[in-house]
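Student: need the 3D shape of this:
(one chain, ligands or ions: 2)
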Amino acid sequence: MSKSGESNTRIARRGLMLVISSPSGAGKSTIARTLLDKDKEISLSVSVTTRARRQSEIEGVHYHFASQREFEALRTSESLLEWAQVHGNYYGTPREAVEIAMAEGRDMLFDIDWQGAQQLQEKMAADVVSIFILPPTMQELQSRLHRRAEDTEEVIQMRLANSRAEIAHWREYDYVIVNDDLQSAFEAVQAIIRAERLRRDRRHGLFDFVEGLVKA
Ligand code: ADP
Ligand code: 5GP
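Tutor: Numbers count the residues shown, from 1 in each chain. Ligands and ions are numbered 1, 2, ... in the order given. This next block holds a predicted model:
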């Protein structure tokens with residue numbers, strides 16, 4: 001069972017489902033990677049995708065890469081908690097890993113688009129904490145997509161063309177962060193997690209703690 005995140009008194013709580021979305025290139029994967037590296041209480045929900053693997057990506061770490069046919073089989077067997085078509089490819093969240101993490105009260109991070117965020121919000125509203133990452137300017141978004149240098153020019157142009165439609169969903173998120181300076185954006189995410197872990201309604205261990213406290 002997860003603990004409260006406080007240094008001394010440990011109080012059991014439910015796990016968080018931390019959903020991070022942004023237009024492509026705004027920096028959500030960079031923030032997610034730093035978070036996973038620094039916060040050992042959080043694990044990543046590794047999505048399934050029909051997109052081609054980028055050079056820097058490792059099967060099973062960044063994604064489970066699947067053919068269209070394999071993806072459809074997962075979909076029809078209801079093995080996906082949510083799925084969507086994004087930038088012309090299919091992406092989905094494997095159900096089993098999330099159910100195990102939630103049952104054990106562990107936190108999970110979801111790097112998914114607004115369609116996936118909506119589906120998780122509908123199914124598991126009490127556990128979802130959602131963050132939308134915005135770029136400081138559209139020009140900087142374009143520069144970051146080029147600097148990442150992992151997609152073809154055609155793919156970059158499609159992602160830029162889709163970015164305004166993704167940004168249009170910013171109001172559906174609990175928190176919105178402008179990723180201008182990476183360190184500040186990361187610290188904002190850490191602050192959100194710290195506060196959300198302390199919410200009374202997540203900390204079922206408080207019942208026993210307070211009972212013991214007043215009995216003594
Ligand atoms: P996303 O996952 O949202 O598509 P990435 O995390 O891959 O975006 O970031 C896109 C590129 O922008 C990467 O090359 C990353 O290193 C860079 N980047 C991310 N955040 C910042 C920032 N605050 N300032 C400058 N470059 C950034
Ligand atoms: P990329 O191809 O850059 O890795 O991801 C493209 C978009 O798909 C991003 O917005 C990313 O958050 C989203 N995405 C990745 N995995 C999933 C998933 O499992 N479900 C949904 N709905 N979107 C996902």
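
Student: what residues does the protein put near ligand 1?
Tutor: For the chain, the residues found near ligand 1 under the criterion C-beta under 6 Å from any ligand atom are 22, 24-30, 144, 147-148, 179, 181-182. Bear in mind the C-beta positions are built from the backbone N, C-alpha and C, glycine included.

Student: of those residues, closest to Arg197?
Tutor: For Arg197, the nearest member of those is Lys28. The distance, counting by C-beta to C-beta, is 20.4 Å.

Student: settle this for me: that closest one is touching Leu18, isn't it.
Tutor: No. In this structure Lys28 lies outside contact range of Leu18 using C-beta atoms under 8 Å: 11.3 Å.

Student: may I ask which two of the residues of the chain next to ligand 1 are separated the most?
Tutor: Put simply, by C-beta to C-beta the two of those set farthest apart are Ser24 and Asp181, 20.0 Å from each other.

Student: what about those two, which has more around it?
Tutor: The residue with more neighbours, out of Ser24 and Asp181 and counting by other C-beta atoms under 10 Å, is Ser24; that gives 22 against 10.

Student: which parts of this structure are strands?
Tutor: 17-21, 42-44, 48-49, 64-65, 80-86, 89-94, 107-111, 128-134, 175-178 (DSSP state E).

Student: quick check: which of those is buried the most?
Tutor: Sort the strands of the chain by mean neighbour count, taking mean count of other C-beta atoms under 10 Å, and strand 17-21 sits at the top with a mean of 25.

Student: by how many degrees do it and strand 80-86 diverge?
Tutor: Using axes from the mean of the first three to the mean of the last three C-alpha atoms, to 10 degrees, one finds that strand 17-21 and strand 80-86 are set 0 degrees apart in direction.

Student: contact partners of strand 17-21?
Tutor: Residues from elsewhere that reach strand 17-21 (C-beta atoms under 8 Å, 6 or more residues apart in numbering): 28, 31-32, 42, 98, 102, 107-114, 116-117, 120-121, 124, 127-133, 166, 169, 173, 189, 193.

Student: filter those down to the ones near ligand 2?
Tutor: 111-113, 116.

Student: how far away is the residue sitting furthest away from the middle of the chain from ligand 2?
Tutor: Taking C-alpha atoms, centre = their mean as the measure, the residue most remote from the mean C-alpha position of the chain is Ala216, 41.6 Å away. Between Ala216 and ligand 2 the distance, using C-beta to the nearest ligand atom, to the nearest Å, works out to 47 Å.

Student: quick check, pLDDT for that residue.
Tutor: Reading off the per-residue confidence, Ala216 sits at a pLDDT of 85.

Student: repeat that for Ser7.
Tutor: Note on Ser7: pLDDT of 57.

Student: setting the sequence-adjacent residues aside, check what's closest to Phe209.
Tutor: The shortest distance from Phe209 to any residue other than its chain neighbours is 5.4 Å, reached at Ile11 (C-beta to C-beta, 6 or more residues apart in numbering).

Student: do the same with Leu36
Tutor: The shortest distance from Leu36 to any residue other than its chain neighbours is 5.6 Å, reached at Leu44 (C-beta to C-beta, 6+ apart).
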